[in-house]
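Colleague: when you get a sec, could you give me coordinates for this:
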Amino acid sequence: MDSRYMFSISKSVRNSNEMQPCTPELLNAAMDSQQVADTCKEIADKLQQVKEGTLTREAFEAIKAKLKAENLPVVCFHATFTDGHRCNQSAVPSGLSIYDMDHLTCDPREYYYNKVAGREVELGIDYAHVSPSKEGVRLVFEIPQGMTLAEAQQWMATQLGDETYDGCVKDLARCSFVVCRDYVLYYDEEELFAEREVSMAVTNETIVTPVSASLLPPADDQSFEDNFNGIKYPQIVRAMEDILGGVPAQGARNNFIFMMSCYLRYVCNDDPRWIAQVLPRYGEDEQKFVATVRSACNRPQTKTVPDVVTRALDLARKKQQIDEAVEASGIHAPKPPVMPEKLTKFMKLITKNVPAHLKPAVAMGVFPALGAHCKGVKFRYNDNALVEPTFMNILVAEMSSGKSCVNEPISAIMADIKEKDSKNRKLMKEYKEQYDTCPSDQQKPERPKGLCIQWVKSDMTPAAFVQLMADAGGRFLYTRMDEIGLLNQLKTNGKGNNVTEILRLAYDCGDYGQERVGTKSVCEDVQIRWNWNASTTPGKCRKFFGDAMLDGTLSRMSFCTIYTDDDRMPLYGIYDEKFQEQVQQAVAQLNDAKGLVVCRKANALAAAMIEENRQYSALADDDVYRELSYRATLSAFKRGMVLYLLNGQKWCKEIEDFVRWSYHYDMWCKMWIFGEKMRRAMDLDKAVMLPGRRNLMEFLQDSFTLDDLNTVRRAQGMKDDGSAQLRKWLSRGYCTFNPATQQYTKSAQFLEKHQKAA
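Modeller: Residues are numbered from 1 along each chain as shown. Purely as a prediction, here's the structure:
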């Protein structure tokens with residue numbers, strides 16, 4: 001049958017009854033549309049947020065589906081429709097087929113250039129583009145003579161060497177979303193719109209529909225979504241399988257398919273075609289499978305969503321989040337997670353005067369100063385321990401990167417404390433002068449009580465540190481240092497640099513003090529409440545904490561950095577009196593807070609994060625991440641509680657998003673700075689714990705290979721190259737070698753001696 005066939009186009013996937021023949025002018029106009037370009041860019045931006053850990057996969061899928069449906073035109077390359085209504089019954093095939101490769105693990109352009117580029121004519125490809133999600137590739141090609149759509153797609157998969165591909169494109173009414181011109185990989189306009197001969201095999205496919213289509217009621221739009229509220233259907237199906245006890249053995253699968261179909265009705269719009277698309281066949285005959293699905297959909301259905309469905313959605317959502325974390329976790333991303341766009345009122349205020357790339361450093365860096373305003377405030381963590389807002393933040397960035405950006409915000413927060421300290425320092429100076437000028441035959445004046453100085457210098461002796469802590473009367477001391485090395489100025493008992501002991505106690509509000517016999521010596525027992533900020537470069541940071549990889553110091557710190565590709569001078573806002581007044585009004589809420597502060601939603605969030613981190617650590621098999629995650633979650637919880645106080649003790653979505661982001665951001669920084677160094681330290685620590693060397697022959701079968709020996713060596717913490725060891729064994733007669741089988745065999749001499757020794 002020789003005739004000119006065309007494909008069709010519509011303004012939206014929702015206008016299935018407004019399909020019209022597609023001309024070059026219509027397709028080109030759609031690809032060059034500003035709305036299409038803006039939509040593709042918006043989807044790409046959201047995908048980047050997923051990769052950076054600031055947007056969940058489920059949220060991305062929901063946003064993507066909405067943007068595509070509302071803004072992108074659709075093309076049905078398979079056919080035109082006699083009545084303009086997109087359905088198989090009125091389809092006139094075009095002789096073209098689409099081939100989709102979705103959810104690629106590599107860059108879609110890389111896939112195309114490696115497998116397709118240069119072979120377009122050979123494969124009959126007329127048009128190719130990156131999918132709107134930027135995670136897949138779509139090829140539009142001419143169907144080889146005598147093939148159906150399904151056979152043509154299978155043929156293309158074979159030509160490209162793909163083991164899997166999207167097979168849900170077998171019906172003529174399947175449509176594709178139009179993408180912007182920048183996404184187009186190949187476009188032969190003349191061939192795409194050329195006359196072509198449509199074989200009988202393709203034509204028959206429009207008349208004799210597949211078994212599933214004949215048994216199931218027709219659908220106007222068979223381009224079903226691949227997710228339910230952002231949760232991928234395969235995740236939902238697996239979750240339901242788990243809840244229902246797993247996939248049954250052969251013979252009981254018909255009832256299982258019926259049960260699964262009944263539950264899937266609630267998430268597939270009660271559409272049997274949709275259910276058939278997402279539900280595996282479980283080895284069942286296709287005709288019997290479809291009949292079972294139809295039977296389930298004909299069954300009376302309650303409006304109340306069953307508990308199984310609710311539990312399955314919750315389980316699927318959690319598993320999907322874990323899978324996404326393992327696949328593209330923020331800790332492995334090339335740059336830190338992006339801070340949420342929507343912030344609390346206070347966070348907007350405190351970060352408003354710095355450029356975007358400095359906002360994360362300021363947002364993380366202000367918490368030590370904020371915590372210093374909380375006297376007697378405690379939070380109950382999920383393990384029922386009472387914790388206080390202890391924060392020690394280190395800004396790690398390259399030289400001349402803008403590390404001073406935190407100074408002005410911190411100064412605005414500490415303004416009230418600085419004013420009080422100024423008065424008390426003056427009184428303390430007067431006391432010292434009186435003490436020094438007092439004649440020796442007169443009674444010396446007593447040290448004034450209640451002279452609390454909170455903002456202290458890093459250059460202080462242990463005695464001064466203890467005395468200042470005692471004078472504070474339960475308040476926090478605060479220190480700001482321009483370099484992490486200034487911590488060395490505080491050394492306990494003059495015995496070298498063991499300042500990390502104080503840092504660990506400070507995070508836990510641990511007991512500290514000193515006993516002296518001198519009448520003028522400081523003898524106090526205090527709880528350490530000391531928050532501080534410091535900054536440094538990555539190299540100096542690793543060097544400073546070089547001996548503290550595994551003693552718990554790092555997990556108690558919070559880290560931030562400055563990341564930017566822009567080398568222009570940053571432009572700051574103005575820190576005026578109005579700004580300081582606004583900050584002080586907010587900080588007053590921290591000064592007013594007292595006693596135990598409880599927020600159930602904060603604890604619920606912490607519980608969810610603890611479970612997510614536990615599962616991620618297990619799936620990723622990362623001991624370093626696991627060790628760091630415990631206290632990182634606690635620190636994130638504390639940050640959330642401080643924001644809760646600053647927000648008038650009202651929890652909101654902005655606080656939750658910030659808490660999650662701050663955790664992932666802190667963990668990213670720690671893994672970036674210390675990850676590999678901690679792994680080496682852990683490996684060394686485990687190696688030290690191994691018992692003395694044993695006879696490696698004891699771990700091998702009587703006949704073994706070099707690979708077997710290497711496996712044993714690795715298990716014993718040794719290098720995995722056992723070639724030299726085998727040569728020694730051979731020279732000493734412990735074993736023999738068979739070149740034909742490449743196997744080593746323990747010698748009779750060795751076995752006799754070994755058995756006697758045993």
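
Colleague: make it CA atoms for all contacts and neighbour counts henceforth
Modeller: Will do.

Colleague: quick check: closest non-adjacent residue to residue 596.
Modeller: residue 378 (4.8 Å; Cα to Cα, 6 or more residues apart in numbering).

Colleague: state the helix or strand in which that neighbour lies.
Modeller: Using DSSP states H and E, residue 378 maps to strand 377-380.

Colleague: next one: residue 751
Modeller: Residue-wise, residue 751 maps onto helix 748-757 under DSSP H and E.

Colleague: now residue 395
Modeller: strand 392-396.

Colleague: can you list contacts of that strand?
Modeller: Residues from elsewhere that reach strand 392-396, judged by Cα atoms under 8 Å, 6 or more residues apart in numbering: 361, 364-365, 367-368, 403, 484, 507, 531-538, 541, 556-562.

Colleague: ok now the host helix or strand of residue 368, how far from the chain's centre?
Modeller: With elements taken from DSSP H and E, the one containing residue 368 is helix 367-371. Offset of helix 367-371 from its chain centre (Cα atoms, centre = their mean, to the nearest Å): 26 Å.

Colleague: please apply the same query to stretch 606-617.
Modeller: Distance, stretch centre to chain centre, for stretch 606-617: 12 Å (Cα atoms, centre = their mean).

Colleague: and that stretch, which residues are buried?
Modeller: Under the neighbour-count criterion of 16 or more other Cα atoms under 10 Å, stretch 606-617 has 606, 607, 609, 610, 612, 613, 614, 615, 616, 617 buried.

Colleague: for those residues, which one is nearest residue 456?
Modeller: Closest approach between those and residue 456, by Cα to Cα: residue 606, at 32.8 Å.

Colleague: that closest one: helix or strand, and which one exactly?
Modeller: Residue 606 is located in helix 600-620, with elements delineated by DSSP H and E.

Colleague: pull that helix out as CSV, backbone CA atoms only.
Modeller: Only the C-alpha atoms of helix 600-620 are listed here, as CSV (Å, rounded to 0.1, in the frame of the first residue of the first chain):
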residue,chain,number,x,y,z
ARG,A,600,6.8,16.4,69.1
LYS,A,601,7.2,17.2,65.4
ALA,A,602,10.9,17.8,65.9
ASN,A,603,11.3,14.4,67.6
ALA,A,604,9.2,12.7,64.9
LEU,A,605,11.5,14.2,62.2
ALA,A,606,14.5,13.1,64.1
ALA,A,607,13.1,9.5,64.4
ALA,A,608,12.5,9.5,60.6
MET,A,609,16.0,10.7,59.9
ILE,A,610,17.6,8.2,62.3
GLU,A,611,15.8,5.4,60.5
GLU,A,612,16.7,6.7,57.0
ASN,A,613,20.3,7.1,58.0
ARG,A,614,20.4,3.6,59.5
GLN,A,615,19.1,2.1,56.4
TYR,A,616,21.4,4.1,54.1
SER,A,617,24.4,3.2,56.1
ALA,A,618,23.5,-0.5,55.8
LEU,A,619,22.8,-0.3,52.1
ALA,A,620,25.9,1.8,51.4
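
Colleague: ok, residues contacting it?
Modeller: Applying Cα under 8 Å, 6+ apart, the external contacts of helix 600-620 come out as 318, 322, 325-326, 381-382, 623, 625-626, 629-630, 633-634, 637, 640-641, 651, 656, 660.

Colleague: if we can go back for a sec, correct me, but the residue nearest to residue 596 touches residue 590?
Modeller: No. If you go by Cα atoms under 8 Å, residue 378 and residue 590 don't touch, sitting 11.8 Å apart.

Colleague: of those two, which one has the most company?
Modeller: More crowded of residue 378 and residue 590, by other Cα atoms under 10 Å: residue 590, with 23 against 20.

Colleague: remind me which helix or strand the more buried one belongs to.
Modeller: In the assignment (DSSP H and E), residue 590 maps to helix 577-592.

Colleague: and that helix, what does it pack against?
Modeller: If you count contacts as 3 or more Cα pairs under 8 Å, 6 or more residues apart in numbering; DSSP states H and E, helix 577-592 packs onto helix 345-351, helix 407-413, helix 415-437, helix 623-646.

Colleague: give me the angle between it and helix 623-646.
Modeller: Here helix 577-592 runs at an angle of 100 degrees relative to helix 623-646 (axes from the mean of the first three to the mean of the last three Cα atoms, to 10 degrees).

Colleague: helix 415-437 and helix 577-592, what's the angle between them?
Modeller: Put simply, helix 577-592 runs at 80 degrees to helix 415-437, going by the same axes, to 10 degrees.

Colleague: and stretch 52-66, C-alpha only, in PDB?
Modeller: Output of stretch 52-66 as PDB, limited to C-alpha atoms (Å, rounded to 0.1, in the frame of the first residue of the first chain):
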ATOM      1  CA  GLU A  52      22.100  17.800  45.200                       C
ATOM      2  CA  GLY A  53      19.900  16.200  47.900                       C
ATOM      3  CA  THR A  54      17.600  19.200  48.300                       C
ATOM      4  CA  LEU A  55      14.500  17.800  46.600                       C
ATOM      5  CA  THR A  56      13.100  14.300  47.000                       C
ATOM      6  CA  ARG A  57      12.700  12.000  43.900                       C
ATOM      7  CA  GLU A  58       8.900  11.700  44.600                       C
ATOM      8  CA  ALA A  59       8.500  15.500  44.700                       C
ATOM      9  CA  PHE A  60      10.500  15.800  41.500                       C
ATOM     10  CA  GLU A  61       8.300  13.200  39.700                       C
ATOM     11  CA  ALA A  62       5.200  15.000  40.800                       C
ATOM     12  CA  ILE A  63       6.500  18.400  39.700                       C
ATOM     13  CA  LYS A  64       7.700  17.000  36.400                       C
ATOM     14  CA  ALA A  65       4.400  15.300  35.600                       C
ATOM     15  CA  LYS A  66       2.500  18.500  36.300                       C
END
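
Colleague: list the buried ones in that stretch?
Modeller: By neighbour count on 16+ other Cα under 10 Å, the buried set for stretch 52-66 is 52-58, 60-65.

Colleague: go on, stretch 668-679?
Modeller: By neighbour count on 16+ other Cα under 10 Å, the buried set for stretch 668-679 is 668, 669, 670, 671, 672, 673, 674, 675, 677, 678, 679.

Colleague: tell me which element the third one falls in.
Modeller: Counting by DSSP H and E, the element that carries residue 670 is helix 653-689.

Colleague: helices or strands up against that helix?
Modeller: Against helix 653-689 (3+ Cα pairs under 8 Å, 6+ apart) you get helix 538-544, strand 558-561, helix 600-620, helix 623-646.

Colleague: highest mean neighbour count across these, which stretch is it?
Modeller: Greatest average neighbour count among these goes to strand 558-561 (a mean of 26), per mean count of other Cα atoms under 10 Å.

Colleague: tell me, how many neighbours does residue 28 end up with?
Modeller: Residues lying near residue 28 (other Cα under 10 Å) number 14.

Colleague: quick check: it vs residue 13, distance?
Modeller: Going from residue 28 to residue 13 by Cα to Cα, to the nearest Å gives 18 Å.

Colleague: before we move on, the earlier item: closest to residue 502 out of the helices and strands packed on helix 577-592?
Modeller: Here helix 623-646 is closest among these (Cα to Cα), at 17.0 Å.

Colleague: what's the average pLDDT for the closest one?
Modeller: Helix 623-646 carries an average pLDDT of 94.

Colleague: that older thread, want to throw the helices and strands packed on helix 577-592 into CSV with distance to residue 157?
Modeller: What follows is these, written out as CSV (distance: least, Cα to Cα, whole Å):
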stretch, distance to residue 157
helix 345-351, 51
helix 407-413, 58
helix 415-437, 67
helix 623-646, 40
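
Colleague: between those, which one is closest to residue 576.
Modeller: Of the helices and strands packed on helix 577-592, nearest to residue 576 by Cα to Cα is helix 407-413, at 9.6 Å.

Colleague: contacts for the helix holding residue 590 next, please.
Modeller: With Cα under 8 Å, 6+ apart as the test, helix 577-592 has contacts from 346, 349-350, 370, 373-375, 412-413, 415-416, 642, 645-646, 648.

Colleague: do that again at 10 Å, thanks
Modeller: Contacts with helix 577-592, where a contact means Cα atoms under 10 Å, 6 or more residues apart in numbering, come from 345-346, 349-350, 352-353, 369-377, 408-409, 411-416, 642-649.
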